[in-house]
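Participant: Coordinates for the following, if possible.
(one chain, ligands or ions: 2)
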Amino acid sequence: MLIISPSVLAADFSKLGEDVNKVHKAGAEYIHLDVMDGIFVPNISFGPPVISSLRKVTDIFFDVHLMITQPQRYIKDYVDAGADLITFHYESCFSPAEVIKQIKSYGVKAAVSIKPATSPEVLFPLLPELDMVLVMTVEPGFGGQKMIPETIEKVRVIREYANAHGIDIDIQVDGGITPDNLKYATAAGANVIVAGSAIFKAEDPEKVVNDMIKVGEDYPFGADVE
Ligand code: DX5
Ligand code: ZN
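Facilitator: Residues are numbered from 1 along each chain as shown. Ligands and ions are numbered 1, 2, ... in the order given. Reported below is the predicted structural model:
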């Protein structure tokens with residue numbers, strides 16, 4: 001079954017705890033926490049204090065997406081803040097393999113993300129060490145953008161490689177995902193779905209979460225979407 005990970009970037013920050021618990025109750029298993037440093041991406045969001053405050057009011061799985069340069073400097077801070085999974089960008093550091101080791105040394109799940117211009121093949125040597133890969137479907141930095149259709153093919157390339165090599169791995173997509181375009185991602189092999197605007201800006205977030213889970217059932221990996 002699909003794991004839905006609503007991105008808090010589109011939530012109401014004045015009542016973050018409430019918004020997070022609402023989508024958790026609606027069936028979202030993860031909450032996606034976008035950390036931006038104004039250097040790796042041209043935007044600033046929040047850091048460990050917000051995450052640790054949130055940790056006190058919810059037991060939902062914390063899916064932390066670091067869009068920061070040289071993430072190895074801050075891994076421990078995000079572990080201490082309550083991260084269950086830490087994703088960093090392939091493009092943000094000198095040695096992704098070292099950062100993966102560092103994350104896993106704390107008993108936290110590790111994932112690597114690629115921007116739209118980065119080819120999926122760079123991830124192949126890392127896959128056996130990873131719990132998840134994140135294929136960005138927009139340029140990281142801002143919520144509310146349109147999904148870039150060309151990025152979906154990269155999901156398929158990674159899923160086919162993983163299957164051919166007996167690697168069991170989650171593939172996450174993030175950026176501009178809606179109940180309408182989600183089928184392209186699930187049919188290509190994505191199984192962890194980030195959505196910010198589509199969920200938090202909806203009148204009925206619970207319905208959107210459930211509609212998305214249903215898309216995963218209707219369009220599993222390899223399904224015909226044309
Ligand atoms: C973009 C972030 C995304 C974003 C998703 O840099 O990584 O998680 O908040 O929001 P939507 O679903 O609105 O594109
Ligand atoms: Zn994100």
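Participant: Ile3 against Ile31, yeah?
Facilitator: No: using C-beta atoms under 8 Å, Ile3 is not in contact with Ile31, being 11.0 Å away. All C-beta spots, glycine's among them, are computed from the backbone N, C-alpha and C.
Participant: The two: which is more packed in?
Facilitator: Neighbour count, other C-beta atoms under 10 Å: between Ile3 and Ile31, Ile31 has more, with 27 against 18.
Participant: which ones are touching Gly222?
Facilitator: Contacts of Gly222 were listed using C-beta atoms under 8 Å, 6 or more residues apart in numbering, and they are Ala187.
Participant: Doesn't it lie inside a helix?
Facilitator: No: under DSSP: H, G, I helix; E, B strand; the rest coil, Gly222 sits outside any helix and is assigned coil.
Participant: quick one: it and Ser95, what's the gap?
Facilitator: Computed as C-beta to C-beta, to the nearest Å, the Gly222 to Ser95 distance reads 35 Å.
Participant: Check Glu226 too.
Facilitator: 41 Å.
Participant: out of those two, which sits in the busier spot?
Facilitator: Taking other C-beta under 10 Å, Glu226 and Ser95 do not tie; Ser95 has more neighbours (10 against 4).
Participant: beta partners of the closest residue to ligand 2 within the chain?
Facilitator: Taking C-beta to the ion, ligand 2 has its nearest neighbour within the chain at His65, 3.8 Å off. For His65, the beta-bridge partners under DSSP bridges are Asp34, Thr87.
Participant: which residues touch the closest residue to His165 other than its chain neighbours?
Facilitator: Excluding the flanking residues, the one nearest His165 by C-beta to C-beta, 6 or more residues apart in numbering is Leu127, at 7.5 Å. Contacts for Leu127 were tallied using C-beta under 8 Å, 6+ apart; they are 133, 158, 161-162, 165, 167, 169.
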